[in-house]
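Colleague: okay, predicted coordinates and the sequence, questions at the end:
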Amino acid sequence: MDLTDPTTLEQWRRHLSGVVAGRKVICGVMPLAGMNDLVRLLADAGARKPLLAYSSPGAGPTITEDDAVLVQVDVAPHRTMTEELRAHDQVLRSLPQTVRRQIDDYDPEHEALWFVGPFAGTEPVDGRAVLGGREPAWVALEDKTVVDDLWDAVGQPRSPSQVVEVSPALPGETSDRFDRGHGVVWVADARDGFNGGGEFTRWVRTREERARALAFFAGRADRVRVMPFLEGVPCSIHGFVLPDGTAALRPVELAIMRGAGRRFLLGGQGTSWDPPEEDRIAMRHLVRRTGALLRDRVGYRGGFGIDGVLTADGFRPTELNPRFSGGLAVQARAVDAALFHLLQLNLVAGRHPEVTADAFEAWALPALDAHRTVQARALAPQQLVEDSLEVGVQWDGHRLRPHAEGNMRLVVGRSPVGAFAKVDILEGTPLPGRVGPLNAALVRFLDEELDAGFGPVEPAPDVRRRGGPADHDGRSTERSHDEQRDHDHREVGHDLADADLFGGQPTAR
């Protein structure tokens, strides 16, 4: 199967569209503006006019009644992203009677599909089948206090760590033992459900910071994982577990910034950055080994991501995201978002995707290398604007300034936890070499212009020793068949990317 052939690709698209074609689909609960792509996907796949259960207008263009049945759901505001995502499944299963009546008017036969995000389960909602939810065994793998066992099982080099009980008696020696000069990182278990975005992570160096971390985790977690702070570029690597194997994709930079008081601030993601080729190969091999283990242990199907840090000594994984994670979404939008999402929906629904891992990888990897993207994002804990705001800004490589005819557009809107902001790079503008510095500039701009209250932030530095050996997990340095195929893909990807260079960098499209 050659997906680089346009006819074959469209035939495959039609097959994948069968998961929703001809069906009524109920989507939610999320901000309305966040469902634009979903509405287009459903229409193109042949689904019937959907019903959107939305919590707020969101930031950016919104959808009208011409495209979907709109039902607003009054959702209590949440203080953090973690609280919002933890509540997702409960919100779906405790909808107000007025909302349920509107849904029943749309689908009196209860035959519609409920399209949900990965933070919902798989049980039917009011008798309607769920599409997109996850099995409990898959969700459990997100617990950051158990994932190191998985890295050991697949033979992946990792940072030393220890899981300890949250207790006032937690000795300082535990932290001191893992400190490599930059402090240590504590991260909570998943006792109360998912946690992410750095909200349940603390960077600890002093006795006072240790005391504050203990006070924070008390009542929020039973255990924490203690490990050295890893200096380097935060990044992720992704893949799809398919019936015959795992397709491995390319690395993605994560804009995790450092704030005052050693806070971590989560931003956007980008693919303009490349690690050394040997690190890329090692990361992609990790994806294949991890995918095989997930399939064997819990019957996993679909996309997943591995987050970590490219340190001076190579990639060190820190967490597993067994879902269609943000890094996958960023890559999908750069190439063919609908196909990636339809593939995911088919896999989690147990519907055969009619594609092999090799065929999907041979199409996706060169395309992802050729079509780079940089997406700077920020979430503020308080409202910054009454309505959605869109203005021009100019990026000079170091900072953002207001500029009506600038090379980027700033969009700010309301979100369930405060405000959401992003910068869109205009077509023809050279992409920054990394997303981290641009994202830090966005945060500083929001402080300067809208008094967002983030405080000083800095992007993570690139400390990887170039030209040195990468981790090969005990394998020979001679290329295997898979490594040679990976090298061939990179050659094709660079040839295509070179055609899009503008001023030495890939350009926005």
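Modeller: It's in.

Colleague: so how far is residue 323 from residue 31?
Modeller: 19 Å (C-beta to C-beta, to the nearest Å). C-beta here means a position set from N, CA and C on the backbone, and glycine is covered the same way.

Colleague: please read the previous query as pertaining to residue 268.
Modeller: For residue 268 relative to residue 323 (C-beta to C-beta), the value is 18 Å.

Colleague: before we move on, what about residue 388?
Modeller: 28 Å.

Colleague: when these two are compared, which one has more neighbours?
Modeller: residue 323 (23 against 17; other C-beta atoms under 10 Å).

Colleague: so that one, which state does it fall into?
Modeller: Secondary structure, DSSP: H, G, I helix; E, B strand; the rest coil: residue 323 is coil.

Colleague: state the pLDDT value of it.
Modeller: Looking at residue 323, its pLDDT is 93.

Colleague: please name the nearest non-neighbouring residue to residue 128.
Modeller: Leaving out its chain neighbours, the residue that sits closest to residue 128 by C-beta to C-beta, 6 or more residues apart in numbering is residue 114, at 4.9 Å.

Colleague: can I assume residue 414 is in contact with residue 380?
Modeller: No. Under the criterion of C-beta atoms under 8 Å, residue 414 is not in contact with residue 380, lying 10.2 Å apart.

Colleague: list residues touching both of those two?
Modeller: residue 420 (C-beta atoms under 8 Å, 6 or more residues apart in numbering).

Colleague: pLDDT below threshold where in the stretch 351-500 of the chain?
Modeller: 416, 466-500 (pLDDT under 70).

Colleague: domain assignment for the protein?
Modeller: Taking automatic domain parsing as the reference, the chain has its domains at 6-133, 139-355, 374-458.

Colleague: who wins for proximity to residue 363 among the ones you listed?
Modeller: domain 6-133 (7.4 Å; C-beta to C-beta).

Colleague: and residue 365, which of the domains of the chain is closest to it?
Modeller: domain 139-355 (6.4 Å).

Colleague: mind checking the end-to-end distance for the closest one?
Modeller: 25 Å (C-alpha to C-alpha, to the nearest Å).

Colleague: and it, how far out from the chain middle?
Modeller: The chain centre lies 10 Å from the centre of domain 139-355; the measure is C-alpha atoms, centre = their mean, to the nearest Å.

Colleague: residue 431 contacts residue 375, correct?
Modeller: No. Judged on C-beta under 8 Å, residue 431 makes no contact with residue 375 at a distance of 10.4 Å.

Colleague: which neighbours do those two share?
Modeller: In contact with both residue 431 and residue 375: residue 270, using C-beta under 8 Å, 6+ apart.

Colleague: low pLDDT regions in the stretch 151-300 of the chain?
Modeller: 170-171, 194-198.

Colleague: can you pull out the strands in it?
Modeller: 162-165, 184-188, 201-204, 223-228, 233-242, 245-248, 252-259, 263-270 (DSSP state E, counting those that start in this stretch).

Colleague: which one, of those, ends up nearest to residue 42?
Modeller: strand 233-242 (21.2 Å).

Colleague: got the angle between that closest one and strand 252-259?
Modeller: Per axes from the mean of the first three to the mean of the last three C-alpha atoms, to 10 degrees, the angle that strand 233-242 makes with strand 252-259 is 140 degrees.

Colleague: for strand 233-242, packing partners?
Modeller: strand 245-248, strand 252-259, helix 277-298, strand 302-311, strand 314-321, helix 326-335, helix 337-348, helix 357-370 (3 or more C-beta pairs under 8 Å, 6 or more residues apart in numbering; DSSP states H and E).

Colleague: mind listing the strands the first one pairs with, and their directions?
Modeller: This means strand 245-248. Each strand paired with strand 245-248, and its direction, by DSSP bridges: strand 233-242 (antiparallel).

Colleague: list the buried residues in the strand it pairs with.
Modeller: 233-242 (16 or more other C-beta atoms under 10 Å).

Colleague: closest to residue 183 out of these?
Modeller: The closest of those, once distances to residue 183 are taken by C-beta to C-beta, is residue 234, at 15.9 Å.

Colleague: got a list of what that closest one touches?
Modeller: Residue 234 touches 253-256, 307-309, 460, counting by C-beta under 8 Å, 6+ apart.

Colleague: may I ask which two of these are separated the most?
Modeller: 255 and 308 (14.7 Å).

Colleague: once you drop chain neighbours, what's closest to the most centrally placed residue in the chain?
Modeller: The centre of the chain sits closest to residue 326, judged by C-alpha atoms, centre = their mean, with a distance of 1.6 Å. Nearest non-adjacent residue to residue 326, counting by C-beta to C-beta, 6+ apart: residue 269, 6.0 Å away.

Colleague: could you check how many residues crowd around that neighbour?
Modeller: Neighbour number of residue 269 under other C-beta under 10 Å is 28.

Colleague: quick check: bridge partners of it?
Modeller: residue 254, residue 375.

Colleague: that one: what's it in contact with?
Modeller: 236, 252-255, 326-327, 330, 375, 377, 435 are the contacts of residue 269 under C-beta under 8 Å, 6+ apart.

Colleague: widest-spaced pair of those residues?
Modeller: Every pair of the contacts of residue 269 checked by C-beta to C-beta; the farthest is 236 and 377, at 14.9 Å.

Colleague: quick one, what contacts residue 459?
Modeller: 255, 257-258, 434, 436-437, 439-440.

Colleague: by neighbour count, which of these wins?
Modeller: residue 439 (31 neighbours).

Colleague: quick check: that one touching residue 374?
Modeller: No. Using C-beta under 8 Å, residue 439 is not in contact with residue 374, being 9.0 Å away.

Colleague: which neighbours do these two share?
Modeller: Going by C-beta under 8 Å, 6+ apart, residues that sit against residue 439 and also against residue 374 are residue 268.

Colleague: state the distance from the residue nearest to the centre of the chain to residue 253.
Modeller: In terms of C-beta to C-beta, residue 326 sits 12 Å off from residue 253.

Colleague: ditto for residue 97
Modeller: Taking C-beta to C-beta, one finds residue 97 at 46 Å from residue 253.

Colleague: so these two - more neighbours on which side?
Modeller: residue 253 (29 against 7).

Colleague: list the buried ones in the host helix or strand of residue 98?
Modeller: Assessed by DSSP states H and E, residue 98 sits inside helix 97-106. For helix 97-106, the neighbour count (16+ other C-beta under 10 Å) marks 99, 102-103, 106 as buried.

Colleague: mind listing what residue 402 touches?
Modeller: Counting by C-beta under 8 Å, 6+ apart, residue 402 has contacts 391-394, 449.

Colleague: what's around residue 155, how many residues?
Modeller: Neighbours around residue 155, by other C-beta under 10 Å: 12.

Colleague: sorry, that was for residue 169
Modeller: 7.

Colleague: could you measure from it over to residue 359?
Modeller: From residue 169 over to residue 359 (counting by C-beta to C-beta), the distance is 55 Å.

Colleague: before we move on, what about residue 246?
Modeller: 13 Å.

Colleague: ok, now residue 186?
Modeller: For residue 186 relative to residue 359 (C-beta to C-beta), the value is 43 Å.
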